[in-house]
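K.L.:
Any chance you could fold what I've pasted below:
(chains A, B, C and D, ligands or ions: 4)
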Amino acid sequence: MPRMTLVEAVNHALAQELERDRRVRVFGEDVGKNGGVFRVTDGLQARFGEDRVFDTPLAESGIIGTAVGMAVYGLRPVAEIQFAGFTFVAFNQIVSQAARLRYRSGGLLSVPLVIRAPFGGGVRTPELHSDSVEALFMHAQGIKVVIPSSPYDAKGLLHAAVEDPDPVLFLEHMKLYRSFRQEVPSERYTLPLGQAAVAREGDAVSVFAYGAMLHVALQAAEQVAQEDGASVEVVDLRTISPLDEECIAQSVSKTGRAVVVHEAARAGGVGAEVIAVINERCLYSLLKPVERVTNPDMPFPLPSVEDTFLPNPARVAAAIRRTLEP
Amino acid sequence: MPRMTLVEAVNHALAQELERDRRVRVFGEDVGKNGGVFRVTDGLQARFGEDRVFDTPLAESGIIGTAVGMAVYGLRPVAEIQFAGFTFVAFNQIVSQAARLRYRSGGLLSVPLVIRAPFGGGVRTPELHSDSVEALFMHAQGIKVVIPSSPYDAKGLLHAAVEDPDPVLFLEHMKLYRSFRQEVPSERYTLPLGQAAVAREGDAVSVFAYGAMLHVALQAAEQVAQEDGASVEVVDLRTISPLDEECIAQSVSKTGRAVVVHEAARAGGVGAEVIAVINERCLYSLLKPVERVTNPDMPFPLPSVEDTFLPNPARVAAAIRRTLEP
Amino acid sequence: MPFPLAHCIHQVLAPDGKLVGAAPDLPADQLFAMYRWMVYGRLYSDRMVALQRQGRIGTFGPLNGQEAASVGLAWPLQPADWLVGSYRELLSYMVKGVSPLALAETYRGYVGDGYALDAHCLPYQIVLATQVLHAVGIAMGMQYDGKPDVVVGVCGDGATSEGDFNEALNFAGVFKAPIVFVVQNNGWAISVPRRQQTAAEYIAHRGPAFGMPGYVVDGNDVLAVYQVVQDAVARARAGDGPTLIEALTYRLGAHTTADDPKKYRLDDELGEWTARDPLPRFRTYLMNQNLLDPTADERLHEAIAAELQSLVETLEAQPPQDAADLFDLVYAERTPQLNRQRADLLAELGRE
Amino acid sequence: MPFPLAHCIHQVLAPDGKLVGAAPDLPADQLFAMYRWMVYGRLYSDRMVALQRQGRIGTFGPLNGQEAASVGLAWPLQPADWLVGSYRELLSYMVKGVSPLALAETYRGYVGDGYALDAHCLPYQIVLATQVLHAVGIAMGMQYDGKPDVVVGVCGDGATSEGDFNEALNFAGVFKAPIVFVVQNNGWAISVPRRQQTAAEYIAHRGPAFGMPGYVVDGNDVLAVYQVVQDAVARARAGDGPTLIEALTYRLGAHTTADDPKKYRLDDELGEWTARDPLPRFRTYLMNQNLLDPTADERLHEAIAAELQSLVETLEAQPPQDAADLFDLVYAERTPQLNRQRADLLAELGRE
Ligand SMILES: Cc1ncc(C[n+]2csc(CCOP(=O)(O)OP(=O)(O)O)c2C)c(N)n1
Ligand SMILES: Cc1ncc(C[n+]2csc(CCOP(=O)(O)OP(=O)(O)O)c2C)c(N)n1
Ligand SMILES: [Mg+2]
Ligand SMILES: [Mg+2]
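P.N.:
Numbering: from 1, shown residues only, chains lettered A, B, ... in the order given. Ligands and ions are numbered 1, 2, ... in the order given. Presented below is the predicted three-dimensional model:
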C-alpha cells in the first residue's frame, strides 16, 4: 500500500473522484496551474483539463454561490476556500443558501457540494489564516462538517463527502498536511460521515478531539497512561456535525470522566456541545466536571505565541489528571 | 413615567443618543424617511437631519464595513441590519473586522459600533427573517451580544451599548416590539452589559432564557408554581456574550436543576454553553440533566407550523417538571 | 470600452400604445398569450393582497406595474432554460411554468413542495442578489455539459448594490457563461429611491465594466423587453456570453403588504407612472391591431377571475402542513438527532 | 456615461526614463525623497525576504516592482489624510509615516502595537478588499466632520473581484465620499492572471459604472502615479467626490515567500517587466536631470543598508511577545471569562 501524507491522500481522492464521475469539478483560487497554495490540487488540471479543474476570480461568495448553482444543475462541485477563515465572506451562501436549499425547496432540490478549506494552528500563518470555524457551521443546519485527523481518514471521508447528497464542509488541518505518512489504499473507499472513531481504548477517562488535536490528545493519553497507569480512551470525533452522540455517550458511560480539546475559542465551541450531549445522555455516569482544553475566549493567537496558547500534551494531560482526581 | 413598547423604547433611546452625542449616526436600509420597516427609527431623520440618520445602499457588508471605518475615525455609528439573518452577508465584516480590530491593532484602535437587528419567531415572517443568530456571534470573540426582553431593559441596554467602546450586536425580538408596554424612564440610564437578571426568584429549579422566550419561561414557571407548588427561578440572560457565568452558577448552585430555552437550533446553541458553564462551575450541585427546550436541529420553521416548533409554556413546563422528578 | 452601452432606451410601444419601433415577429396567439399573462399577473397579485388583508396568507409583495418586464423577460425562454429570481418574479415564474397554486402555497407558509423544479426555476429568493450567483452557476453547468441552454437571472435595482450581484456579473464575464441578467429597476428598494442606490446614471453601465454589453429598456413595454432579452438569449445560446439588461419600470403598489409607500413616495410620481402602466399600453396596441376587443378583454378578465377563485378554494381546502415533514427536509437522511427530536415532537403532539 | 474613462494610459516617464509628459512641479528634494523611498522599499523587501529564508520572520510578500505605484499614491497625502491598504502596501504605509520597525514586528508575529494609528493607516489588511470599505467609512467620517481631509484606499487586481470592493465603490459614489481608490494591478493574484480575474479591458471601467471617473496610469512611473492621484486627491478635497485609479504594474518577485511563481508564470513576461522596472526608470530620469549621480546613488544604498541593519538588530533585540498581553486586546476591559483564563495560563506558566 502506498504511504501518503494528508496532502497526497486528498489529492489522490480528488483525482479518483474526477476520474470516476464526470460531474465532479474542482475549483477555487489558485487550484489550477498552481495546484493550490498547499499543492493539494497539484497536477489535477494538467491531468483532467481546464474544464474540470479551474481557477475562479478572487471572490468566495462567488465561488460558493456559483457552486450552489452547479450542484442544483446536477454537477458535483468540489470548491476550495483558500483558508477556512475566508468562508466568512461566503457565510450567507454557505449557511443560508447551500445548507438550506433542500429545506427551501420542500426537499426536491439538493446541493451535493463539498467545500474544502485548510485551517488550524501550529504553522505560524499570518493572522486570520489559522482560525477554527467548525462550531459556527455546527450550529448551521443542513450542512455536515468533517475534519479528518489522518491521511487514511482524509481519503475515505473525502470520497464519502463527494458522494453525499448534502453539502459538506471538509476542513483540512494545515499542521497535518505533511506531518506524517500513513498507508492509504489506492482503491476508492468511503468512511461513513457522522461517525466518530475510538482512536485509543481505555476505561478511566474519555478524551474527545479532532484534527491535529487528536494527536495532542493521544500524546497526552500516552503520557498519563505511562506516568499514572491510567487507562485513557481517546475519541476522534471526525464529523463535527452531526456529532456522533452515541459514541460520546458510550465512552463516557464507561469512563465517567471526560476532556474535550479544540483549538477554537471556548465559548460556544464544539466542547460546549459535547458537554451538553454528555449532560443529556449520561450525566449520571459523570463523576467529575468535563474539562475543556481550548483557546481562551479570544481570536486565534499571534504566530509568536501560538505555542503558548494551543492545547499541548502537557495541558491536556493536566486536564485528564484533574478529571482523575478522586 | 411614560409607558412604552419596546419599539418606542428603542426609538427613544436612539433619539437621546443622537441628541447627547454628535458622533452618533444612525443608518441602514430604510431607516431614514421610512423610519425603519418596524418604525423603530420613526421620526429620527426629520428630527436630526439626513446627516445624522440616513439610508444606505442595499448592502450589508457595505453597511458594516463603512461603519467600522466611521467608528475608527471617531464616530459612534449605530447601524441597522434589517433582519438578523442578513448579518450573514456581513459576517466577515462583523466577525473578522469589527470584532477584531482592537486585537489586530495591538489595542490602539477600537470599534464602538452598535449593530441593531430584529429577529425572532412568532410573527410569521417570510423564510430567513426570524432566525436566531446569537450563538454564532457568541463564538466570535471581541463583540458583545445583547438581547433585551422588555422595553425597560431595551432602553437601558441600548444606552450602554452605544457607550461601550467595543462592538455590540443588539438583537431586538420582533414578537416583543409591540406586545406590551412598560413604564420606562424618560431620562437616560444604562444597564450594565454582561449581567443577567433574576426575573423571578425560586429555589427548586432555574430556567434560563432571553428575548421573547423569557416570557414563555415566566409563564411556564407560573404554571408549574401554581399547579405543582414548585418554586421556579427564571433568569433573563440579557447579554449572551459574554455570558454572566456567576449568575448562572449561583442560581444552579441553589436549585440544583436547570432548563435552558431558546428559539435557535439545539446543536451548538447558547444552551450548550450554559450547560458547559454549569458543568464547570457547579456540576456537583446538579441533581438532574439540564433540559434544553429549543428548535430541533433544523432551520427556523415555516410560518404555518411556527407554533408547533417554537418553545411554548407547556413545553417548558414539561421540561421543568422533568428536572423536578426525583 | 469594448461593449458600448446602448445609449437610447429601447422602446417599441409608446405609453399610449402607438408603435414607435419595429414590432417583433410574434404570431397573434403569442401576443394574446402575453397579454393574458399580464392580466393574470395583475389579478393574481390583487387577489393575494386581498387574501393577506383578510389574514388568509402571509406578507405578500404586489407585482403591479411590472407585468410587462416579467412577461417579456420570461417569454424567450425554452423549457430547458432556467429562470432565477426573487419574490418579485412570481409572474415570470408562472410564465416559465411554475404553478400559481404552488406559489400561493408558499405564502400560506407551506413547504414549497418543489414548485420550481419542473419549470427550471429556483425557489424565489429572499436574501437579495444571492440568486444571481446561483443563476451563473447553473449557466456554467450548461456550458460544461455543452448544452445550448441559457439562464435568465433577475433581481431588483436595490439588489444590484449587494456584493453578490457584482460577483455574479464578474464570474459570468470571466467564464462567458450563457446567462442574461435582467435588473427590474422599479425605482425603489422599499423606501430607498434608485438615485440613492447608486451614483451611476444607469445600472446597465455595470455590463461593460464587467466585460459584457449593457442595455436599457423600457420595462413597461412588453415587446421591447421581449426583444432585448430575446436577442441576449440568442447571443448566450450561440456561445457569445452574458448580457446585462436594465428594465426601467415602476412598482405601482406597496413594497409588500407590510409597507406603506405614503411614508416615502410622492403622489406625483405615482401619477406619472400610472400613465405609463404596461397593461393599458399593450391592450391599446392589441386593440389597434385588431387582436383584441373590449368584449374579449372582459371575457378574459372574467375567466381569470374564475380561475383565481378556484385556485383560492383549492389552496384553502388543503390539509395543514404537517410539522413532522420538516424533519425530512434538512438532510437527505434524518440524522440520529433529528430522529430523536422528531419522535419527541410526535410524542408531545400525541402522535407516536 | 457621465464620466468618460481616460482612454490613454497616463505616463510621464517612458521606461527608459525619458520625459514623455509634463513633469509635475515638484522640488528637487521631493524628487530625491521619492527616489529614496523607492530604494528603501526595494532593499527593505529584499532584507525581509532574506530574514524569512533564515526563519527569522514569518511569511513575507515582497514589494519589488511596485515601488513607483506605492510611493506615488502616498505622496499627495497630508498627515490628517488616511491611507488604507493590504500587506502589499508596506512601502506606501512607510511613506505615510508608519514605522518600518513596527511593520517588521508584525512579521515576527508580535502584536502590531498600534503601528498604524499615528500615521493614519489601518493595520494592513489580510482579508482581501474588506479594507476598502473601511476606507470609505473613514472618508464618510471626514465628510461628516466637514474636514478637508481625504482617504486613499488601495487593493490589488485580484481583490477587485470581491463583493466588498464593488460595494465600496458604490457607497463612495452615492455619498460622494472624499476617497481615491487605487488598484495596484500587478498582473497577478497569486497564480491567477489579470485576464482571468475579470473580462473587462480595464478595472478602471468600474469607476464610471459606479458614478465616478476612472483612470489608468502607468504604475511603474512614479511621477505619473503621483500626478493622477494628486489630481484625484484635490478633487476629493474640494468635495467633488471619489475617483478610481488603476495603476498598471508588476510583481517582480514571488507572491510571498511561500510561493513559487515558476509554477505558473513565463520567464518572458518577467523579462518584459524587468525592462520596465520603476527604479532604473526614475533613477535615469533623476540622473538626466542632474539630481543624482552614481556616487550619491551608491551612498544612498549604503545608508539604507545600514539603516536596515540596525532595524533588524533592534527587531531581534526585543523581548518576546508576552502572551499575557493578548488577554487585554479582546475587549476594552477583560471579561470575567478572560480574567479566569488569563489566571489559568499564568498559573500554568508559573507566573502567578
Ligand atoms: C440581503 C438582504 N437585505 C435586506 C433585505 C430586506 N429587503 C427585502 S426587499 C428589500 C428591497 C429590495 O429592493 P429591490 O432589489 O429594488 O427589489 P424590489 O423589492 O424593488 O423588487 C429589502 C431591503 C433582504 N431581503 N435581503
Ligand atoms: C478574502 C480573501 N480570499 C483569499 C485570500 C488569499 N489570498 C491572499 S493574497 C491573494 C491574491 C491577491 O491578489 P491581489 O489582490 O491581486 O493582490 P497582490 O497579492 O497581487 O498584491 C489571495 C487569493 C485572502 N487573503 N483573502
Ligand atoms: Mg426595486
Ligand atoms: Mg495582484
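K.L.:
show me where chain A has strands.
P.N.:
A:3-4, A:24-28, A:53-55, A:76-80, A:114-119, A:144-146, A:168-173, A:182-183, A:197-200, A:205-209, A:232-236, A:239-241, A:258-265, A:291-295 (DSSP state E).
K.L.:
Would you mind finding the most buried of the ones you listed?
P.N.:
For the strands of chain A, the largest average neighbour count (mean count of other C-beta atoms under 10 Å in any protein chain shown) is found in strand A:205-209, namely a mean of 30. For glycine as for every other residue, the C-beta is placed from the backbone atoms N, C-alpha and C.
K.L.:
what distance separates it from the centre of its chain?
P.N.:
17 Å (C-alpha atoms, centre = their mean, to the nearest Å).
K.L.:
That strand versus strand A:258-265: what angle between them?
P.N.:
20 degrees (axes from the mean of the first three to the mean of the last three C-alpha atoms, to 10 degrees).
K.L.:
who's in contact with strand A:205-209?
P.N.:
Residues outside strand A:205-209 that contact it (C-beta atoms under 8 Å, 6 or more residues apart in numbering or on different chains) are A:149, A:216-217, A:220-221, A:230, A:232-237, A:248, A:251-252, A:254-262, A:274, A:316, A:320, A:323-324.
K.L.:
one step back: distance to D:Ala199 and mean pLDDT for the strands of chain A - can I get that in TSV?
P.N.:
Listed next are the strands of chain A as TSV, based on distance: least, C-beta to C-beta, whole Å; pLDDT from 0 to 100:
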stretch	distance to D:Ala199	mean pLDDT
strand A:3-4	39	98
strand A:24-28	17	98
strand A:53-55	14	98
strand A:76-80	21	98
strand A:114-119	26	98
strand A:144-146	35	98
strand A:168-173	30	98
strand A:182-183	44	98
strand A:197-200	47	98
strand A:205-209	46	98
strand A:232-236	46	98
strand A:239-241	38	98
strand A:258-265	39	98
strand A:291-295	43	98
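K.L.:
A:Asp164 and A:Pro112 touch, don't they?
P.N.:
Yes: shown here, A:Asp164 and A:Pro112 form a contact pair, counting by C-beta atoms under 8 Å, at 6.6 Å.
K.L.:
so C:Leu338 sits in a helix?
P.N.:
Yes: in this structure, C:Leu338 lies within a helix as judged by DSSP: H, G, I helix; E, B strand; the rest coil.
K.L.:
who touches it in this structure?
P.N.:
B:Pro296, B:Asp297, B:Met298, C:Phe327, C:Val330, C:Tyr331.
K.L.:
Dump the strands of chain A to JSON lines, plus distance to ligand 1.
P.N.:
Converted to JSON lines, the strands of chain A look like this (distance: least, C-beta to the nearest ligand atom, whole Å):
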{"stretch": "strand A:3-4", "distance to ligand 1": "43"}
{"stretch": "strand A:24-28", "distance to ligand 1": "24"}
{"stretch": "strand A:53-55", "distance to ligand 1": "28"}
{"stretch": "strand A:76-80", "distance to ligand 1": "22"}
{"stretch": "strand A:114-119", "distance to ligand 1": "21"}
{"stretch": "strand A:144-146", "distance to ligand 1": "24"}
{"stretch": "strand A:168-173", "distance to ligand 1": "22"}
{"stretch": "strand A:182-183", "distance to ligand 1": "45"}
{"stretch": "strand A:197-200", "distance to ligand 1": "40"}
{"stretch": "strand A:205-209", "distance to ligand 1": "37"}
{"stretch": "strand A:232-236", "distance to ligand 1": "38"}
{"stretch": "strand A:239-241", "distance to ligand 1": "25"}
{"stretch": "strand A:258-265", "distance to ligand 1": "27"}
{"stretch": "strand A:291-295", "distance to ligand 1": "31"}
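K.L.:
how about the strands of chain C, start to end?
P.N.:
C:82-84, C:151-156, C:179-185, C:188-189, C:192-193, C:214-218, C:243-248.
K.L.:
buried residues in the longest one?
P.N.:
Buried residues in strand C:179-185, counted by 16 or more other C-beta atoms under 10 Å in any protein chain shown: C:Ile179, C:Val180, C:Phe181, C:Val182, C:Val183, C:Gln184, C:Asn185.
K.L.:
That one pairs with which strands?
P.N.:
Looking at strand C:179-185 with DSSP bridges, its partner strands are strand C:151-156 (parallel), strand C:243-248 (parallel).
K.L.:
who in the stretch 51-200 of chain A is up against chain D?
P.N.:
For the stretch 51-200 of chain A, the residues in contact with chain D (C-beta under 8 Å from any C-beta of the partner chain) are A:55, A:57-62, A:85-86, A:88-89, A:124-129.
K.L.:
now with 6 Å?
P.N.:
Residues of the stretch 51-200 of chain A lying close to chain D by C-beta under 6 Å from any C-beta of the partner chain are A:Asp55, A:Pro57, A:Leu58, A:Ala59, A:Ser61, A:Arg124, A:Pro126, A:Glu127, A:Leu128.
K.L.:
same question, the stretch 251-352 of chain C
P.N.:
So the stretch 251-352 of chain C never meets chain D (C-beta under 6 Å from any C-beta).
K.L.:
and the residue of the stretch 251-352 of chain C nearest chain D?
P.N.:
Closest approach between the stretch 251-352 of chain C and chain D, counting by C-beta to the nearest C-beta: C:Tyr264, at 17.0 Å.
K.L.:
Contact partners for that residue?
P.N.:
B:Lys33, B:Asn34, C:Ser191 (C-beta atoms under 6 Å, 6 or more residues apart in numbering or on different chains).
K.L.:
Do a quick rundown of the helices in the stretch 1-150 of chain A.
P.N.:
Using DSSP state H, counting those that start in this stretch, the helices found in the stretch 1-150 of chain A span residues A:6-20, A:44-48, A:60-73, A:91-92, A:101-104, A:134-139.
K.L.:
Just put those helices in TSV and tack on mean pLDDT.
P.N.:
Shown next, in TSV, are the helices of the stretch 1-150 of chain A (pLDDT from 0 to 100):
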stretch	mean pLDDT
helix A:6-20	98
helix A:44-48	98
helix A:60-73	98
helix A:91-92	98
helix A:101-104	94
helix A:134-139	98
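K.L.:
Could you identify which of those is most buried?
P.N.:
When those are compared using mean count of other C-beta under 10 Å, helix A:60-73 is most buried, at a mean of 30.
K.L.:
what comes into contact with that helix?
P.N.:
Counting by C-beta under 6 Å, 6+ apart, A:28, A:56, A:77, A:79, A:81, A:86, A:89-90, A:93-94, A:97-98, A:109, A:111-113, C:133-134, C:136-138, C:140-141, C:164, C:167, C:171, D:163 sit against helix A:60-73.
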